[in-house]
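**Student:** quick one, fold the following:
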Amino acid sequence: MTDARDQAAVDNGRHEYMTERARAEEGAGVWSGSWVAERLGVELAGDDTLTGLLGLALRRNPKRAHLLVSNVLGKHVPQSPSVVYGHGVALGRRVRDLLGAEAAESAVVLGYAETATGLGHSVADGLGPAPYLHSTRRPVTGVARAGGFEESHSHATSHLLLPENPALLAGDGPLVLVDDEFSTGNTVLNTVRALHERYPRRQYVVVALVDMRSPADAGRLEDFAREIGARVDLVTAASGTVRLPEGVLEKGQELVARYEARAAEPDWDGPVTEAPTPTSSGSVTHVDLRWPGGVPDGGRHGFTAAQRGRLESALPGMAERITEALPTDARRVLVLGFEELMYAPLRLAHALEQTADADVRYSTTTRSPVLAVDDPGYAIRTRLVFPAHDDPADGPGERYAYNVAGAGFDAVVAVVDSAADTPALHAPDGLLARLAAHVPHVLLAVVPSYVPHASERPPMLPEPLRGPDFSSYASDEVGWLLQDLSDTTLEAPTEEREEAIQSGGAHYAESLPVEYQPSEQYQELFHAALETSAARLARAVGAVTEIVLAERSPRPVLVSLARAGTPVGILMRRWARFRHGLDLPHYAVSIVRGRGIDANALRWLADRHDPADVVFVDGWTGKGAITRELAGALRDFEVSDGVTGFDPEIAVLADPGSCVRTYGTRDDFLIPSACLNSTVSGLISRTVLRADLVGPHDFHGAKFYRELAGSDLSPAFLDAVSARFPDVTDTVDAQAKELLSADRTPSWAGWAAVERICEEYGIHDVNLVKPGVGETTRVMLRRVPWKVLARAGAGADLDHVRLLAEQRGVPVEEVADLPYTCVGLIHPKYTRGATGADGKAVAL
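**Tutor:** Below is the predicted model of the structure:
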């Protein structure tokens, strides 16, 4: 292959010949899939119209050798813009008929990048006033992601959803998903499943030019609809299937390699049209479209009915300006779009078709590599190769324009957005030079790239706080997405705090309890408990981390719920490094009952990490209140900010309440970090949320108790557990394997037990019942305890609770058949000052 890497060399004389050849072969009746069918045994079976809609080619792709090449999509094959636009609009009208006028009014259309961005927009036009959004592979600075997904067979798989209006995907009207073909259905169904979990709808409509599912995949749509409890319809222009013989992938790859190797030979004169770049080139003329202000270049950030109306009004004038710039003798004109930018060039071409006295065709460039073979029975006759010119996020690479060289065009109008109007576009080996080498006249029209208004975004959030300036943990162990309130007095004695909450209806997160200073006897209990349970803790840390790596993400972003979750997150991070050599990011964020998780912390995370990689971490579950709080808070955040992907499933060391799927054990045992407050949590207080201290663009707050450094046991706790990692490796492997194969569906047995205890003890609010060793310890350290219920026969796990109960004069009552090791009950005397589900005082 030569440095030029164009697959056709055409001078002006050959141009006239190719014009006649192209026109003659258009009506020759040769199916553009016959070359592949004959050599690979691939069969296209289905509707009579199928071979008119599709041809076949071979691709350089390790996942699928053949490529269905649409004749009416306007991607690889230049086609009349009326035909391309007409197919999309007709599909949209069929969707409108299916939904009915009322449901169509509330529908949203979602198209897939890169090939279906124009088709999806055309479907939205046919449907009526529906807003339109397409996925994109181009990250946009300052625009938060509302979600993303992968496409299994595509050459480039990562899709982003970047709507300007975060609520665009949050409605309950029908969602119409548009792709060029519906083959296995994996991409569409995975998208629907992910969106349905966050924004449930009653109806989805899948739209494609062709339904090419295999018999094995045909029944999946109905099964999927039953699974999610929604209606899922399919609307296509034609249907059929591709019958692939055994070994077709390997055979296709061998065929591609063989023909490309031949094309690289200097004396090869066969049908693969690799040739040196012509030395002469035509000129490039710039066209000022006068694109209407406020109209997006496409649906990357959404496209509304009002914007559609402004575009329609401006199209005739823009087409007239292109016509004026074309040479008067141009009889065959191509409007060439750019990768995802398909709709704007399509509409310009459609308007030009009605204005210019020329045969207008439309197609777009692509990032998909396809073998070109100059044979009328093959769908991709020629290929122009040029470098990417929009500074793509995945780095530089080749881009392609198919069936342009040698197709007899007198002029090409290249349409790009301003983000792609770069020096690379104008370079000697760039797209414009490639076109000018093969077409007499090249015009360039630039559409302004639309970016949502950055001024509407909140101010830049600060970087995380880190030790030793904030916390006694090492700087690489955790970044705290908090603000430092160390200089603010927030503490009050426990009883005073309860009364203040009662009298003012204050929220518990607006103040802090006085830090408990453990006695010498209590500290001895802590050390004894740590020595006894270190190996057990190490096993639980290893098991939950292995589950996270296996099921959630190979490179998770650990986000611990401050503060009890933070030492657990550090231990999980240490295990991942010890066992797998991974250096996982770890942050701590605030979550407040009744107020939810810190939304600014979520914004910071979404701006720097894929939300799908975030794993929230806590120490243990009680009755599951925080589990429910997190799920509700993430739903609210998705509606307010349009950012999807955060998984509400919490990873915990111990799940005695059976509230989560991701845990190291469901035993209710003593986790020594629950025995103390800040002195085992990096000297950090619990988190604070008070309006006069935390503004709308601030992180929640916390205090760093530097003055307690002499009593700090935080590093000792972490090191004691980490030291046992080598001893428990084999046990962890077996435990994780067992858990991964087990049914870990939460039963919420703990919540049911709490409700029984409330009834038996006459407690009128479940938030006054704190189940489990960890939660009972918190009651003893922070609240006004009434009594402790202990499971009969509970052993050393309760030694510290018994000691605290003795010191505070709290009775310990043994109870048979208690699902937890113990349960702490807050004193009824302070019920009105205790906190309910909304975090405020409970009134009886």
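
**Student:** helices along the stretch 351-500 of the chain, start to end?
**Tutor:** According to DSSP state H, counting those that start in this stretch, the stretch 351-500 of the chain carries its helices in the segments 423-426, 431-436, 494-504.

**Student:** helices or strands up against the one helix or strand Ala261 maps to?
**Tutor:** Following DSSP states H and E, the helix or strand that holds Ala261 is helix 248-263. In this structure, helix 248-263 makes packing contacts with helix 34-40, strand 54-58, judged by 3 or more CB pairs under 8 Å, 6 or more residues apart in numbering; DSSP states H and E. C-betas here are computed from N, CA, C, even on glycine.

**Student:** at 6 Å what do you get?
**Tutor:** In this structure, helix 248-263 makes packing contacts with helix 34-40, judged by 3 or more CB pairs under 6 Å, 6 or more residues apart in numbering; DSSP states H and E.

**Student:** pick out the shakiest of the helices of the stretch 351-500 of the chain, pLDDT-wise.
**Tutor:** For the helices of the stretch 351-500 of the chain, the bottom mean pLDDT is recorded on helix 494-504, which sits at a mean of 48.

**Student:** need the helix or strand of the protein with the lowest average pLDDT.
**Tutor:** helix 12-26 (a mean of 38; mean pLDDT, DSSP states H and E).

**Student:** so Ser714 makes contact with Ser678?
**Tutor:** No: counting by CB atoms under 6 Å, Ser714 sits too far from Ser678 to count as a contact (8.4 Å).

**Student:** circling back to that earlier point, C-terminal to the helix holding Ala261, what's the next element?
**Tutor:** Proceeding N to C from helix 248-263, the next assigned helix or strand is strand 283-287, under DSSP H and E.

**Student:** and that next one, what's buried?
**Tutor:** The neighbour-count check on strand 283-287 (16 or more other CB atoms under 10 Å) flags Val284, Val287 as buried.

**Student:** now it, how far from the chain's geometric center?
**Tutor:** The offset between the C-alpha centroid of strand 283-287 and the centroid of the whole chain comes to 40 Å, using CA atoms, centre = their mean, to the nearest Å.

**Student:** kindly export that strand (C-alpha atoms) in PDB.
**Tutor:** As requested, the backbone C-alpha atoms of strand 283-287 are provided in PDB (Å, rounded to 0.1, in the frame of the first residue of the first chain):
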ATOM      1  CA  SER A 283      -9.400  24.200  -5.700                       C
ATOM      2  CA  VAL A 284     -11.500  24.400  -2.600                       C
ATOM      3  CA  THR A 285     -14.200  27.000  -2.400                       C
ATOM      4  CA  HIS A 286     -15.600  28.100   1.000                       C
ATOM      5  CA  VAL A 287     -19.400  28.600   1.300                       C
END
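
**Student:** tell me what it is packed against?
**Tutor:** The criterion is 3+ CB pairs under 6 Å, 6+ apart, and the helices and strands that strand 283-287 contacts are helix 305-325, strand 441-447.

**Student:** export the ones you listed to CSV and tack on mean neighbour count and mean pLDDT?
**Tutor:** Putting these into CSV (neighbours: other CB atoms under 10 Å; pLDDT from 0 to 100) gives the following:
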stretch, mean neighbour count, mean pLDDT
helix 305-325, 16, 94
strand 441-447, 22, 96
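
**Student:** and the strand ranked longest in the chain, which strands flank it?
**Tutor:** The strand of greatest length in the chain, counted in residues with DSSP state E as the criterion, is given as strand 231-243. Using DSSP bridges, the strands paired with strand 231-243 are strand 43-46 (antiparallel), strand 203-211 (parallel).
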